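K.L.:
predicted model and sequence follow; I will ask about them next.
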Amino acid sequence: MAENILKVENGTFSYEENRFAIHNVNMEINAGEKIAVIGNNGAGKSTFFLALNGVIKLDSGDIYFHNEKLEYRRNSLLELRKKVGIVFQNPDEQMIASTVEGEISFGLYNVGYQKETVRKKVDEIMERLELKEYSTRPPHYLSGGEKKRVSIADIMVMEPEIILFDEPTASLDCKNIQLFKKQVNELHEKGVTLLISTHDMNFVWEWADRVIVFSNGTIIADDKAENIFSKEDIVEQAALQKPILFDFGIKSISI
Amino acid sequence: MHIHFNKKHRKYHKHGGKTLDIDQYAVQSGLVDMNPDLKLLTGVLSLVLCLMSPNGITAIVVAVFMLYITLYHGKLKALQYFNLILIPLFFITLSGLVLLVDFSKKKFGFFNISILGGYLIVTQTSMKTAFLVSTRALCSITCLYMISLSTPLFEIIGVLRKYKVPEIIIELMYLIYRFIFILLEAYHNMKTAADTRLGYCNIKRSYYSFFGICSNLFVIAFQKASKSFDAMEARGYNGNLKFLEKDKPVKRLQIVFFLFYCFIMFMILVLERIGIWQKIF
């Protein structure tokens, strides 16, 4: 049994009164898992991610990190954010610095590293994600794919245990999606736990060990991909589209 | 807007949308690798020299030097520079005109037009004042342009932080700078979208589209700001903005050159102030 890293118990949060963004969410995340989070727009995926990182404080319910209850205090929040990273959907919202290397260094300085360490780590990650040649350029002038790589580097450089990707492939072209898959696989091999929210069911089918389905702020299913797509009621309730390979597989079995 | 950078030629290729030209020129300036402290010091010192110049002679010499640095070492095209200086030039010319022309009941001065029972006059003194003020202002602008066309804003902010400008101002500068880009891009996208729906087909519709975009921009700015803040918090932001910066040490030759420049300029200023030019001419 893999080690339990993050656990949510009865997590509830609403932006407005009486309209839950997430409602009574219970789940456990274990080390090294590859989890896909699916569900239609506004189902609560992004809110769920923000809650896991402590950016939004749950109205009720608890979050446990390594079996320790999260107190919303500065130090424990900092510790959580160091270990749980979010790559936001739109890189422009995430970027804040004026050079690529400055941007990547932001999280490291927040955690409290000294300049020499920051320089070393930033150089390493730029080398790995092929960003070296852009190091002193302003990130807002880069192309979409390059921006995405920078936004991933932002988080990877902090060496978190869990990385949450919020619809990472939504704005990428085919080539960049391939690159992204490669990076994600490398991360998995390094033992990083990954949660990816996406609408790309073929990607889910191909990649995920475990699928979590959100609908109207609650988790309606949490299982292996084949079990989820074979349950018609879940597919219908969350308005999912079945992966091509799954459909093809079912047809060939019935023939 | 996307700009692709060509390393060999150090040039940006821009597709559509006009963002902040000055910022781009600064990033691709030939002086971008020079120590920002030195650039700022040179600029500010030159500015002070301009303002202290009693007859505008030092100011003109400073301006020539600033132009030389910006255009030759900064590798900026003269046309680009001219386009940038056109706006301040317009305002300076206007204010110069106001200083130049006086209204008087009596007819005097070496130029006058009768108007509304009085005279618009130009005197020797008003001409001198107009010339001096305009020259000083224009020359000071060349100093500021030297700084802003060779040093990206975040480096200027970095220098200010080093010299203990309060953290809150530093942070505001960073965030405002970042948000200018976000807002400009949002504006540009909305404008294009309005344009595709014929939002600018005539003047009336143009006004309508423009004000619609402006009010939406407010909402979008607010949304983007809150998302951006979420993203900062997610990376452990705790009220202290700090980024990795490239070290740009000062070269010995640059210091020698800088000291030489200071010496020459100071001499010219002293000579000007003791009135040596009047004695010669």
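P.N.:
Happy to help now that I have it. Numbers count the residues shown, from 1 in each chain, chains lettered A, B, ... in the order given.
K.L.:
my guess is A:Gly11 contacts A:Gly54. True?
P.N.:
No: the pair A:Gly11 / A:Gly54 is not scored as a contact, 11.9 Å apart, by Cβ atoms under 8 Å. Heads up, the C-betas are built off the backbone N, CA and C, glycines and all.
K.L.:
what helix or strand is the residue of the stretch 51-200 of chain B found nearest chain A located in?
P.N.:
When scored by Cβ to the nearest Cβ, the stretch 51-200 of chain B has B:Phe154 as its residue closest to chain A, at 3.6 Å. According to DSSP states H and E, B:Phe154 maps onto helix B:153-162.
K.L.:
so for that helix, what gets flagged as buried?
P.N.:
Residues of helix B:153-162 classed as buried by neighbour count (16 or more other Cβ atoms under 10 Å in any protein chain shown): B:Leu153, B:Phe154, B:Glu155, B:Ile156, B:Ile157, B:Gly158, B:Val159, B:Arg161.
K.L.:
could you do stretch B:68-82 as well?
P.N.:
B:Ile69, B:Thr70, B:Leu71, B:Gly74, B:Leu76, B:Tyr81.
K.L.:
one more: stretch B:231-242?
P.N.:
B:Ala231, B:Met232, B:Glu233, B:Ala234, B:Arg235, B:Gly236, B:Tyr237, B:Leu241.
K.L.:
hey, where'd the strands end up in the chain?
P.N.:
If you meant another chain, say so; for now it's chain A. Per DSSP state E, chain A carries strands over the ranges A:4-16, A:19-30, A:34-38, A:60-65, A:68-69, A:84-87, A:162-166, A:193-197, A:210-215, A:218-223.
K.L.:
nope, chain B
P.N.:
Going by DSSP E, chain B shows strands at B:2-6, B:11-15, B:102-104, B:111-115, B:118-122.
K.L.:
so for stretch A:216-236, what's the average pLDDT?
P.N.:
For stretch A:216-236, mean pLDDT is 86.
K.L.:
ok, back up a step: which ones among the buried residues of stretch B:68-82 also lie next to chain A?
P.N.:
On the criterion Cβ under 8 Å from any Cβ of the partner chain, none of the entries of these sits beside chain A.
K.L.:
can you lay out the residues you listed as CSV showing pLDDT?
P.N.:
Listed next are the buried residues of stretch B:68-82 as CSV, based on pLDDT from 0 to 100:
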residue, pLDDT
B:Ile69, 91
B:Thr70, 91
B:Leu71, 92
B:Gly74, 89
B:Leu76, 88
B:Tyr81, 89
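K.L.:
who's in contact with the nearest residue to B:Ile121 once chain neighbours are set aside?
P.N.:
Nearest residue to B:Ile121, sequence neighbours excluded (Cβ to Cβ, 6 or more residues apart in numbering or on different chains): B:Gly109, at 3.7 Å. Neighbour list for B:Gly109: B:Asp102, B:Tyr119, B:Ile121, B:Val122, B:Thr123, B:Gln124, B:Ser126 [criterion: Cβ atoms under 8 Å, 6 or more residues apart in numbering or on different chains].
K.L.:
phi first, then psi, for B:Gly109.
P.N.:
phi 80, psi 170 (degrees, to the nearest 10).
K.L.:
am I right that B:Cys143 is in contact with B:Phe65?
P.N.:
No: if you go by Cβ under 8 Å, B:Cys143 and B:Phe65 don't touch, sitting 9.5 Å apart.
K.L.:
neighbour-wise, which of the two wins?
P.N.:
The neighbour comparison of B:Cys143 against B:Phe65 (other Cβ atoms under 10 Å in any protein chain shown) goes to B:Cys143, with 26 against 19.
K.L.:
contacting residues for the more buried one?
P.N.:
B:Gly43, B:Val44, B:Ser46, B:Leu47, B:Cys50, B:Val62, B:Ala63, B:Met66.
K.L.:
from B:Val48, how far out is the spatially closest residue to the fourth one that is not a sequence neighbour?
P.N.:
Taking Cβ to Cβ, 6+ apart, and ignoring the residues beside it in sequence, B:Leu47 has B:Cys143 as its nearest neighbour in space, at 4.3 Å. Counting by Cβ to Cβ, to the nearest Å, the gap between B:Cys143 and B:Val48 amounts to 9 Å.
K.L.:
now do A:Lys57
P.N.:
52 Å.
K.L.:
which stretches of the stretch 51-200 of chain A form helices?
P.N.:
A:74-83, A:91-94, A:100-111, A:115-128, A:144-156, A:174-189 (DSSP state H, counting those that start in this stretch).
K.L.:
go on, chain B?
P.N.:
For chain B, the helices defined by DSSP state H occupy B:21-27, B:36-52, B:57-68, B:78-100, B:124-150, B:153-162, B:167-196, B:203-234, B:252-273, B:276-280.
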